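In: Here you go, sequence then predicted model.
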Amino acid sequence: MKIYEDVYAYAGKILRIDLSSGEYFTEPTLKYVKEWLGAPGIAIKILYDELKPWVTPYDPSNKLIFGSGALIGTLAPGANKMNVSTLGPMTGGWASSCSDSYVGGQLKYAGFDSIVISGKAHKPIYLFINDNHIEIKDASHLWGKTTWQTLELIRKELNDPGLHIISIGPAGENLVRGACIIQDESRAFGRCGTGAVMGSKNLKALVAKGSGSIKVAKKEEFMKSVREVLKMYKKAKSPDKTYKYGTLYNFHTKQDVCGINYKNFQYLALPEDMVKEMDPRKVIDKFEVSHRSFPACGIHGCGRYLNINKGPYAGLKSECNQWETFSTLQTRLAIKEPTFMVKANALCNQLGIDVDAVGGAIGWAMECYQRGIINDKDTGGIKLNWGDEKVVLKLIEMIAYRQGFGNILSEGSYRASEIIGRNSSYYALHIKGQDLYEVCRGALGFCLGTTTSTRGGGHTTGAVACETSPGLDIEKARVMYGVDNPNKPLEYDGKAEMTFYIEILHRINNCLGICHINTVWWDIDLIGLPQIAILYSAATGWETSVEKLNEMAMRQLNLEKAFNLKFTDFERKDDMPTPRDLYESIPTGKLKGWRMDEKKFNKMLDEYYVIHGWNKKTGYPTRDTLARLGLDYVADDLGKIGKLGKNR
Amino acid sequence: MNTDVKKTKVGIIFDMPECGGCRTCEIACSFHHRGDFSPLNSSLKILDKKDRKGFNVLIINKSSKNNPVCDGCIDIDTPLCVQFCNEKEKLQEMIEAAKVVKEKSEK
């Protein structure tokens, strides 16, 4: 291994490994980070520069890039989110996903900030990174195994019960479009279908173990800053609630603000009689065994380990799911049994499939069945009635193994509706091909960040969360976002500015490895860009202002955008909400009768493009904007394919 | 008071049902000893428990090749691991207990 110039906070090296030849080499992280900051920032630069335009997601020449952000491995609050990025099969463009992780820290202690994986192994393998020792190990015996079995077998095989791994399940092996990658047993690199790309490379798992260290440049200053910002977690209101119930604590708020997906977004609030019955917090109260947390989390963890010892799923031991699974599987499919969410979540994790991809596809199918668009003939005799939990669990398996009707659903709702036809696409709720979990009606900042997301439907790359937060410190939010109305979810003004702010924050978080829930995105009283800039500066020894971070995040966003333009046909229409969200009024709940105003949404989207320096008509970045960010070569590329935004 | 579950060659293993397994203590401990973040080089180890009711905490109180001995962070008021733990009192008690045992064995 080459030895590079000493660098603080970063591990220093990027590992490049080609699975076709088994060869690997390293390069210095310093080559990238002054412009691209870390993990997904490095990844987009590599993917944009190195993937030829004809490459497809499952092509061996696609690259799968794992990245561990600059603050991972230190004591910076929430710094444990590892990233994976690639050309993804859900949207056909930029795919990028983060997960709470121990592997991220281990990777850095082993000396690597990122691993760039290209090629395709000739048979199933797994990668074992043990400090400088890189081993490609046979995984034939692991192929077909669930992620839980894989974890157990690898720990046994490597004789280390404390090992942490990331792996794919049968869904990734079977190239299920929504397959995801699982960390140990219960944390997922969700959305985007990165697990299918991993499967296409015959890569079953990645194991990292490191005995090295991460150094920070200004030790005392860094530790002082860490201690200082940790006080914010004591004062803020959300950490106690998150600690107790994870993101499920929001249940009643979500019901109040019409933020629950019920029957595939036909309704955005639960029927009143179900509210009591379905309160997911009761499941934690009843079955909790112990707490679960990840390194350096300022909240001390949002996880709960459960032992379900009663009811239809008695015998199941698993970490409890978070809100997303509850809304995208339990309420979306109208299932009443409260422990179903834990079972479905565990099953998806075992099979290595994204809960939103499954919920989107089954939700679409159930609604089509409700409307008589598909029938028993299509489903092979399976009756797709709302609330039938047995059928849902069966379908999840059929999706993961691509069996029968599950084979169609395994493509996600957008493509399944293209296969079935019969005007069923209206009920496929997706953005850019990626199934939606996000409730877009009733919260316009959340909506705008979701619909414009470069990775397709997703709320973790720009969607605003504070609009509907009860008890929001409005003055603080006004100053932070620079708008008058940060607490008005139904007002169109100011949402472009708010989305712009969160796009930056989310990218900085992902590049440094900080969990969003530990930041002002989730709770205005937690750390934000000013604190993050201080931590990063002390850790690296490079004085880095918020403005500098903003610039890096915008450079990254523009390159993500250009990457999508290179590989897809996305344009303005693909940044619009689904027809259901745009044209249907909210049928029940406190926002009953509210409907999006298409004209106003378009004006809001215009504002969004203008703020970014993108062309209003197409959404394409202009040369001026790209040049300002040092991306002249990207402007040249976009010019060649006729996708450079005109200035007016 | 926590009861120790097992004495090993290098230290004492305590049961900690309240522990969420974040291992932030290991990172903090390594910083105390080395001034950088290197959890393998820490005086305490978080160990998985079969029943998963929390975790076990191994506190190193005897010299060994790989691990620094817990010195209770004598130079500061509150041990660094304790500062970063959500169950401060519990962890503090274990460190005290490990120290007592160490003192006894030294006599």
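Out: Alright, I've got the coordinates. Keep in mind it's a predicted model, so treat the numbers as computed, not measured.

In: What ranges in chain A fall below the confidence cut-off?
Out: Low-confidence segments of chain A (pLDDT under 70): A:1, A:648.

In: what's near enough to touch residue A:419?
Out: Residues near residue A:419 by CB atoms under 8 Å, 6 or more residues apart in numbering or on different chains: A:408, A:411. C-betas here are computed from N, CA, C, even on glycine.

In: now it: how far from chain B?
Out: Distance from residue A:419 to chain B, counting by CB to the nearest CB, to the nearest Å: 42 Å.

In: Which of the three states applies to that residue?
Out: Three-state assignment for residue A:419 (DSSP: H, G, I helix; E, B strand; the rest coil): helix.

In: Around chain B, which positions in chain A sit nearby?
Out: Residues of chain A found near chain B (CB under 8 Å from any CB of the partner chain) are A:73-75, A:102, A:105, A:109, A:161-162, A:210-216, A:219, A:223, A:227, A:243, A:289-297, A:300-301, A:303, A:305, A:317.

In: Leaving out chain neighbours, which residue sits closest to residue 44?
Out: Defaulting to chain A. Distances taken as CB to CB, 6 or more residues apart in numbering or on different chains put residue A:559 closest to residue A:44, at 4.9 Å, once the chain neighbours are dropped.

In: looking at chain B here, not the other one
Out: Distance criterion CB to CB, 6+ apart; nearest residue to residue B:44, sequence neighbours excluded, is residue B:59 at 5.0 Å.

In: Please apply the same query to residue A:42.
Out: In space, residue A:42 is closest to residue A:32, 4.6 Å off (CB to CB, 6+ apart).

In: about what we covered before: the residue nearest to residue B:44 is in contact with residue B:46, isn't it?
Out: No: shown here, residue B:59 and residue B:46 do not form a contact pair, counting by CB atoms under 8 Å, at 10.8 Å.

In: Neighbour count: those two, which is higher?
Out: Per other CB atoms under 10 Å in any protein chain shown, whichever of residue B:59 and residue B:46 has more neighbours is residue B:59, with 26 against 22.

In: And whichever helix or strand the residue nearest to residue A:42 is part of, what's buried?
Out: Counting by DSSP states H and E, the element that carries residue A:32 is helix A:30-36. Neighbour counts using 16 or more other CB atoms under 10 Å in any protein chain shown place A:30, A:32, A:33, A:35, A:36 of helix A:30-36 among the buried residues.

In: near chain A at all, the longest helix seen in chain B?
Out: Ranked by residue count under DSSP state H, the longest helix found in chain B is helix B:88-106. No: for helix B:88-106 and chain A, the contact criterion (CB under 8 Å from any CB) is not met; the two come no nearer than 10.8 Å.

In: same question for that helix, mean pLDDT?
Out: Averaged across helix B:88-106, pLDDT comes to 85.

In: Using CSV, list the CA coordinates for that helix.
Out: Provided in CSV are the C-alpha atoms of helix B:88-106 (Å, rounded to 0.1, in the frame of the first residue of the first chain):
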residue,chain,number,x,y,z
LYS,B,88,-23.3,8.0,33.3
GLU,B,89,-23.9,6.8,36.8
LYS,B,90,-24.0,3.1,35.8
LEU,B,91,-20.7,3.4,33.9
GLN,B,92,-19.1,5.4,36.6
GLU,B,93,-19.9,2.7,39.1
MET,B,94,-18.4,0.0,37.0
ILE,B,95,-15.2,2.0,36.6
GLU,B,96,-15.0,2.5,40.3
ALA,B,97,-15.6,-1.2,40.9
ALA,B,98,-12.9,-2.2,38.4
LYS,B,99,-10.5,0.2,40.2
VAL,B,100,-11.3,-1.3,43.6
VAL,B,101,-10.6,-4.8,42.3
LYS,B,102,-7.4,-3.6,40.7
GLU,B,103,-6.2,-2.1,43.9
LYS,B,104,-7.1,-5.2,45.8
SER,B,105,-5.2,-7.4,43.4
GLU,B,106,-2.2,-5.2,43.6
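
In: if I pick residue A:257, what's in contact with it?
Out: By CB under 8 Å, 6+ apart, the contact set of residue A:257 is A:442, A:443, A:468, A:489, A:590, A:591.

In: Between the residues you listed, which sits nearest chain B?
Out: Distances from chain B to the contacts of residue A:257, taken as CB to the nearest CB, are shortest for residue A:468 (28.3 Å).

In: Go ahead and confirm the closest one touches residue A:445.
Out: No: at 9.2 Å, residue A:468 and residue A:445 do not qualify as touching, with contact defined as CB under 8 Å.

In: Those two: which is more packed in?
Out: It is residue A:445, of residue A:468 and residue A:445, that has more neighbours when counted by other CB under 10 Å, with 31 against 22.

In: is it true that the more buried one lies in a helix?
Out: Yes: counting by three-state DSSP, residue A:445 falls inside a helix.

In: Quick one: residues contacting the closest residue to it other than its chain neighbours.
Out: Spatial nearest neighbour of residue A:445, chain neighbours left out: residue A:464 (3.2 Å); criterion: CB to CB, 6+ apart. Counting by CB under 8 Å, 6+ apart, residue A:464 makes contact with A:443, A:445, A:446, A:448, A:449, A:495, A:498, A:499, A:502.

In: likewise residue A:353?
Out: Each residue near residue A:353 by CB under 8 Å, 6+ apart is listed here: A:169, A:171, A:176, A:178, A:179, A:180, A:195, A:396, A:399, A:400.

In: since we're on the first one, how many residues are nearby?
Out: Which is residue A:169. Neighbours of residue A:169 under the rule other CB under 10 Å: 30.

In: Need the nearest residue in space to it, chain neighbours excluded.
Out: residue A:352 (2.8 Å).

In: That neighbour and chain B, how far apart?
Out: When distance is defined by CB to the nearest CB, residue A:352 is 22 Å away from chain B.

In: So that residue sits against residue A:175, correct?
Out: No: checked against CB under 8 Å, the pair residue A:352 and residue A:175 is beyond contact range at 11.6 Å.
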